[in-house]
Every structure is written in structure tokens, then in C-alpha cells.
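Undergrad: give me a 3D structure for the following:
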Amino acid sequence: MEPFKMACPKCGKSSTYEIMTHRSYYFRKDDEWGPRVFSCMCGKQLFGLGIKQEYDKQYEAWEAKAKEPEPEPQPEPEPEIVVMPPRQEEQDPSVCSWKDCQLPSRKTSKYCSVSCKNKYARWAYRERKKKERSGASSETHP
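TA: Take a look at the predicted model:
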């Protein structure tokens, strides 16, 4: 079990805060927590006895967790071996969708290469711009 370390009640981190003694704060001699200021990077601040109360609350929770018996580690089940069926090659590969290309397309695309895909994208962009300028309603696909 790791040793107790107080955490910020807002963000839960234990390394982003500091507890300082406020020098300009007037306090009674018997008030030990009076001049203390808890300040976290998340913006949370606690003053005086609020720090002590938060510390006590977190310490009690830590003690309760420490008293619980640790669960016995469960043996990890062996991973199942899945046998994948062999890939069946396409008998008739489809042809690239670009109008000037007759190469077979890739398995994951309708084009044979990135350059054919880009050619189509540029062509479609030009056609859209022509259509917008002329107001024509017919567009031909390659």
C-alpha cells in the first residue's frame, strides 16, 4: 500500500498544490491552522481549518481502503486463437473509375491509385465550377 498523500478535492491530483503560511494574516496563537492557505493549480483554495477538515476526510477514506483485504489476483484466461479463413482473390478485378485509365482498381478503392482519384477530384471540381458559372443542369461522369 502506498503512503498517504493528500489530493486536491477539486481536480484529484496530488502534485499540483501547495500549502503555504500566509504572512499578512492575523491569527491567534492557539490557532495552528489559521494562517495556512491550500492553493492548487486548478484554482481550488482552502483556508485554515478547511485544510485540516479536508485532510482528515481524505485520510479516513485512505485508512478504510487500506483495511480492506486486497483481492487475490485472478489468472488471466488464455486468449482464444481465431483461425481466419484464407482470403479469396477476386477473379475479375474491377477497372479504375477514372475515364482515361484501364488498370485494375485497388481492393479498397474504386481507383487504381491516388493520382487517378486526385484526377477525378480535380475534374469534378472544375465541372462543378463550370456548372455554377453557366447554370447548366447536366453533369457528365467520366
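Undergrad: hey, let's count contacts and neighbours off CA atoms from now on
TA: Noted.
Undergrad: just for the chain, where's the confidence low?
TA: Using pLDDT under 70 as the threshold, the predicted model of the chain has low-confidence ranges 1, 23-34, 82-93, 135-142.
Undergrad: where do the strands sit along it?
TA: For the chain, the strands defined by DSSP state E occupy 17-21, 36-40, 45-47.
Undergrad: so for R126, which of these sits nearest?
TA: Closest to R126 of the strands of the chain is strand 36-40 (CA to CA; 57.1 Å).
Undergrad: if we can go back for a sec, closest one to W123 among the strands of the chain?
TA: Closest to W123 of those, according to CA to CA: strand 36-40, at 57.6 Å.
Undergrad: got the angle for that closest one vs strand 17-21?
TA: Computed by axes from the mean of the first three to the mean of the last three CA atoms, to 10 degrees, the angle separating strand 36-40 from strand 17-21 equals 160 degrees.
Undergrad: report the distance from strand 36-40 to the chain centre.
TA: Centre-to-centre, strand 36-40 and its host chain are 30 Å apart (CA atoms, centre = their mean, to the nearest Å).
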